[in-house]
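Participant: no FASTA, just this:
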């Protein structure tokens, strides 16, 4: 008899692969500037290209936090049904798409005007769809508690659903913000990331699984 | 004595790696449009580039379903012989090639005319070859039942062969369709994907392994 | 106490990752032709670009067989010392470099003349260095039998060394052949691959590990 | 109860994925030269492009040694807390960025002048930040010994901290060197790599884990 865990492991490995590749492809949008014979012009050309570097860093952290979030979710999943497999595939489709809005934002945010706002709005819309897909996964798990590891209460899963809805709300709001100030979106993405990672409600995206594991390890070492 | 499972695990991991990379490289064919100083021109430029986005989504789902299919097959394989290793290598060659017909289709389907048909036909032909390779693997397994996990009947493997033949037929037919309407091919690829994923014969490509695993897990949790 | 196998597993996974990425990046050298408004010109443009397709297929099979070879070698390795780690790193450096000579060959072999020969010679030289690195690994293992799994005789390892030397010889000879006919090199690479994969001395690069595993599985199923 | 090791394993796999992709993307900065109809011009065009090949080799070895170093560190880590997860994410952000300074250096070092120095200084600065991040991880582990595998003494971890500080110092110094001679930086990077890999203080980056494992294996085989 095959172990159900096998299914989860290979799906996790595939998801990790796609996320790891998407995060690493981000660097390809940073282009080496051609400064011709302008001696010393390289430094100012690189400074002018600041949106590429900021977009790289922001998207890297955003995708990295998605990975942590995905990781935490799958630590709670014992078996994967077909629906979950396809929601997860759609999630990967959106995450693997992120290098495009990143490149778009990097190219247009420096220009300002309506094009910069369109680029930022497309980035925010992509993030909103990703947030919705995470929510759909949590709602599906809430309705199929048998897919989760034993010991998880419906209450904790409901909390995870609510937290994912908050993420959707923040990103949807940033679609509107894009038309007020595209450059402010960068700031918002960065702040949201720092908030998710370090703030009081950091459990929205990053569950305390790692913390628990560390405590368990400490307990084991103490024994 | 080394366990035969080891061979399968590393081959699966390698295959997953290649498929995960191919699926993630798809985004590189979407280019950031250069709209010069045209304020607000970015939105219409992106709309004009709809084939790139549709091609990305369709190919992502197509490769994703291939991964699910490959995953299901290898859950049934206990050991890999040299023939299977080389059929699998050829399968990966074809899957890793898909970003090219995807980019071709994205560039030419909007143009219409005979070039659009050629691009769609090349995409369909690639899919047909992939289907044939899956069929070859199932036929080889049917002839070498000792490579499969114990408990699988010849009857079930024969069914898997037949299902893979159906996939080949549908994709071969879409080569002809390309010359009637290249844009219709997009629709067909999408419908075939949805059909394979959710329709009554979804077991053609996606076996019920995940479902079984979920049921086993539910059983275990119930005990 | 940690198991020494851990070291090997993560090194294998890293090597597999690099090889899987290198093999999948090969497709990026195939460019979508720009045929302007030439209706029906896409087909002939693609035909003219045959070297890209042949180079893709040949390099994919070549790297795929290297993976099989690497896989077979590491099935025999129980622990990795620092020397082996660095020879392996140099091997990966060369394999990850292969997309460049592949693109070079694809661009210049159609032109003919001395440039085509130079491109083919650089491809052959890269293959020769890869062969030498495989040889260096086998020779190091022959001198450090304690790194291998128990039960392997010095005689079998010596055979693996000899077989790897033959590979080096064939590829070194193809450097010279490049200056007689660059296009013939394609044929030679393909024939060498087929020979390594299916011919009587297929054990040069592909050991019979998979075969053994299949037989073991058959034995187990028979019991 | 789930094992804390699970957390570490998936984080290691994700890190390995990102590092393997970054190291393999390095080849994309090497461009096929366009020599037009210049018969035999390919060889001299490739010779002129020597910085691309040197930059590829140096960055490949540099990232490869970082992988060995990361690998050694995680062999000593039993559980990962949130802080470590985010320092590691920042480390991956910097390593995945390396293909950009590599391409920059490859394009500008041949030109000489102040632009070459700027390119080399940016490369050195990236390396310095990576070194600082490794140091931050070791310092965090020193303050949280409960995250490490049992049996490690504070003294050994303090040594690892000190060794990582030395790496930071060497790379920081090479920022200054870039303005004396950009080409000398190549030599220094290569020498530092060789020193780290083979020199008397090779344990700075590469711990003796592999060696230990080999000895354990030899012991086991001897029993």
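Facilitator: That came through, no problem. This one's a predicted model, so the numbers in the text were calculated from it and none came from an experiment. Numbering: from 1, shown residues only, chains lettered A, B, ... in the order given.
Participant: what's the distance between residue A:176 and residue A:128?
Facilitator: From residue A:176 across to residue A:128, the span is 11 Å (Cβ to Cβ, to the nearest Å). Just so you know, the C-beta spots here come from the backbone N, C-alpha and C atoms, and that holds for glycine as well.
Participant: Please identify which of the two sits among more neighbours.
Facilitator: residue A:128 (20 against 10; other Cβ atoms under 10 Å in any protein chain shown).
Participant: Can you read off the pLDDT for the residue in chain A sticking out farthest from the centre?
Facilitator: Within chain A, the residue lying farthest from the chain centre (Cα atoms, centre = their mean) is residue A:37, at 40.7 Å. As predicted, residue A:37 sits at a pLDDT of 74.
Participant: again with residue A:67
Facilitator: pLDDT, residue A:67: 88.
Participant: Do the host helix or strand of it and chain B come into contact?
Facilitator: Using DSSP states H and E, the element containing residue A:67 is helix A:50-75. No: if you take Cβ under 8 Å from any Cβ of the partner chain as the test, helix A:50-75 misses chain B, and the best it gets is 11.3 Å.
Participant: Can you check the pLDDT for residue A:143?
Facilitator: At residue A:143, the pLDDT recorded in the model is 94.
Participant: What of residue A:147?
Facilitator: 91.
Participant: Could you find the closest non-adjacent residue to it?
Facilitator: residue A:79 (5.3 Å; Cβ to Cβ, 6 or more residues apart in numbering or on different chains).
Participant: Residue numbers of chain A in contact with chain C?
Facilitator: By the criterion of Cβ under 8 Å from any Cβ, the positions of chain A lying close to chain C are residue A:21.
Participant: residue contacts, residue A:76?
Facilitator: A:141, A:148, A:149, A:152, A:207 (Cβ atoms under 8 Å, 6 or more residues apart in numbering or on different chains).
Participant: nearest to residue C:183, of these?
Facilitator: Closest to residue C:183 out of the contacts of residue A:76 is residue A:141 (57.3 Å), distances taken as Cβ to Cβ.
Participant: Can you tell me the closest non-neighbouring residue to the residue most central in space within chain A?
Facilitator: By Cα atoms, centre = their mean, chain A has its centre lying nearest to residue A:66, at 3.0 Å. Leaving aside its chain neighbours, residue A:66 sits nearest to residue A:95 (6.1 Å; criterion: Cβ to Cβ, 6+ apart).
Participant: per-residue confidence at that neighbour?
Facilitator: 96.
Participant: so where does it fall, helix or strand?
Facilitator: Going by DSSP H and E, residue A:95 is part of helix A:82-97.
Participant: same thing with residue A:179?
Facilitator: helix A:154-180.
Participant: pretty sure residue A:186 is touching residue A:58, no?
Facilitator: Yes: between residue A:186 and residue A:58 there is a contact at 6.1 Å, judged by Cβ atoms under 8 Å.
Participant: Which one of those two is surrounded by more residues?
Facilitator: residue A:58 (23 against 20).
Participant: Residue A:43 contacts residue D:118, doesn't it?
Facilitator: Yes: the pair residue A:43 and residue D:118 passes the contact test of Cβ under 8 Å, sitting 5.1 Å apart.
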